[in-house]
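1. Predicted model and sequence follow; I will ask about them next.
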Amino acid sequence: MKTYGSEPGIPDPVQVGIAELAVTEGDDTLKSYGLGSCLAIALYDPDSGIGGLAHVMLPNGDEAENSDQKPGKYADTAIRALLRRMVERGASYTSVEAKIAGGSDMFEFESFDESVGQRNVEAAIDELEKLGVPLIDEDTGGKHGRTVEFTPASGTLSVQTANGDAGVTEL
């Protein structure tokens with residue numbers, strides 16, 4: 001009997017939800033849906049094929065009381081947690097590279113000078129610079145949502161935008 005709907009040998013992507021992070025290796029894929037002001041941070045070691053994806057909501061976890069319980073919620077703590085978990089699995093800290101996507105300006109709040117999305121992007125770039133991790137590529141800003149899929153083996157971050165183009169950009 002033939003089964004339809006899935007192809008053998010092609011695993012489904014692991015979903016990385018809001019405020020979560022995951023590390024994997026090889027051809028496994030990690031996927032985050034519906035990024036608005038949230039930011040997807042993909043780190044990978046091209047030599048080992050080990051990488052991780054975080055779906056962060058807010059910029060600064062060092063100022064939050066619960067950042068140690070949910071490091072994937074904040075850009076700075078997510079980057080540190082991804083790096084630590086990748087090195088524990090065998091990645092070389094000095095080879096790790098980064099790509100980011102998201103950080104849109106979906107809503108306007110008069111109480112903030114900058115949008116949450118822009119602050120997420122700036123916090124991620126600042127933390128990557130502090131840790132010496134090069135930012136290789138980014139697709140950030142705008143006023144549209146994104147869905148991303150990351151494959152550590154190739155370091156490819158595929159970004160599908162929700163702005164009507166229905167196109168996919170590979171970073």
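-> Now that the structure is in, tell me what you want to look at.

2. which SSE is the closest residue to residue 93 other than its chain neighbours in?
-> Nearest residue to residue 93 in three dimensions, chain neighbours excluded: residue 87, at 5.5 Å (Cβ to Cβ, 6 or more residues apart in numbering). Quick note: C-beta positions are derived from backbone N, CA and C, even for glycine. Using DSSP states H and E, residue 87 sits within helix 75-89.

3. how far off helix 75-89 does the helix or strand just after that helix point, in degrees?
-> Where DSSP H and E defines the elements, the next helix or strand beyond helix 75-89 is strand 97-102. Computed by axes from the mean of the first three to the mean of the last three Cα atoms, to 10 degrees, the angle separating strand 97-102 from helix 75-89 equals 140 degrees.

4. need the strands for the protein, in chain order.
-> Listed in chain order, the strands found in the chain under DSSP state E are 14-15, 21-25, 30-35, 39-45, 50-56, 97-102, 135-140, 146-151, 156-161, 168-170.

5. Quick one: closest of these to residue 118.
-> Within the strands of the chain, the stretch nearest residue 118 is strand 135-140; the backing value is 8.4 Å (Cβ to Cβ).
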